[in-house]
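Undergrad: coords below, sequence missing:
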C-alpha cells in the first residue's frame, strides 16, 4: 500500500566522512523498510511505470546557486496536480526514518537531519504511493519527465523551483543508497522524491522497488 518516510534538515549541506556513511546506512535500511505495508492493507498499482527510465532530454536549464537552509512547508508538482503539505520527521526507535502516519496519505515527509530543499546537497522527500482504497500523494510521480517542474515552498517565504532530471526504479533487494541519495553533481542543490514501485508482493506485504525522481534547483520565486 504505502511507502514513505521523510527527512528534514538543519545544515543545508551534505554530510561528510563517517557522518555521511552512517546516514547512507540509515537510508539503505529505510529504502528496504519504506516499501513495507501495514498488516491488512493491500497495494493496487504504482502509477505510470512506463514513464520510468525515459532518458534525460537535452537542453535542461542550468543549475541555480544553492539557497540558505530553510524548512520545507509545501510541495507543488503542477504537471501532476499535486499540492501537499510537508512535515519534518525524525528517526524511529530502530534507527530508521519515521514516515508520515499511514492515515495521512496526502502528507509528504522530510527527514529533518538531512538537507533542506534548495540548500546545497541532496534533500529527500518521501510520500505514500497508495492506500487500501485510493491513490496517495506520490501515486503519479513515476510519470514525471525530464524538464518538468517541482516547487517547494519554504519557511523563508521563497519557493525553490526544481527541474526533473530523470526517474528511476531501484530494486528493494541490494538497494543502492548512494545511487538514490548521493549527489549527481557536487555543489548543486538537488531533490529526490521517493515512493514505492515495482510489483506488490502479497506474501511479504511490500513493494519490490522504490521509484526515485531526481531534480535540481533551477530557480526561485520570492
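TA: In hand now; what should we look at? Because the structure is a prediction, the values reported are computed rather than measured. Numbering: from 1, shown residues only.

Undergrad: please make it C-alpha for all contacts and neighbour counts, starting now.
TA: Fine.

Undergrad: just list what the strand ranked longest in the chain packs against, helices and strands only.
TA: In the chain, taking DSSP state E as the definition, the longest strand is strand 206-221. Counting contacts by 3 or more C-alpha pairs under 8 Å, 6 or more residues apart in numbering; DSSP states H and E, strand 206-221 packs against strand 159-171, strand 189-201.

Undergrad: between these, which gets nearest to residue 66?
TA: strand 189-201 (5.3 Å; C-alpha to C-alpha).

Undergrad: now the closest one: buried residues?
TA: 189-198, 200 (16 or more other C-alpha atoms under 10 Å).

Undergrad: about what we covered before: out of the helices and strands packed on strand 206-221, nearest to residue 153?
TA: Short answer: strand 159-171, nearest of those by C-alpha to C-alpha, at 4.5 Å.

Undergrad: give me the sheet partners of that closest one and which way each runs.
TA: Its sheet considered, strand 159-171 pairs with strand 149-154 (antiparallel), strand 206-221 (antiparallel) by DSSP bridges.

Undergrad: what angle sits between the shortest one and strand 189-201?
TA: Between strand 149-154 and strand 189-201, the angle comes out at 110 degrees (axes from the mean of the first three to the mean of the last three C-alpha atoms, to 10 degrees).

Undergrad: quick one: low-confidence ranges for this structure?
TA: 1-58, 92, 94-98 (pLDDT under 70).

Undergrad: what pairs with the spatially most central residue of it across the strands?
TA: Centroid check for the chain by C-alpha atoms, centre = their mean gives residue 193 as the closest residue, at 2.3 Å. Counting by DSSP bridges, residue 193 forms beta bridges with residue 125, residue 213.

Undergrad: all good on my end, thank you.
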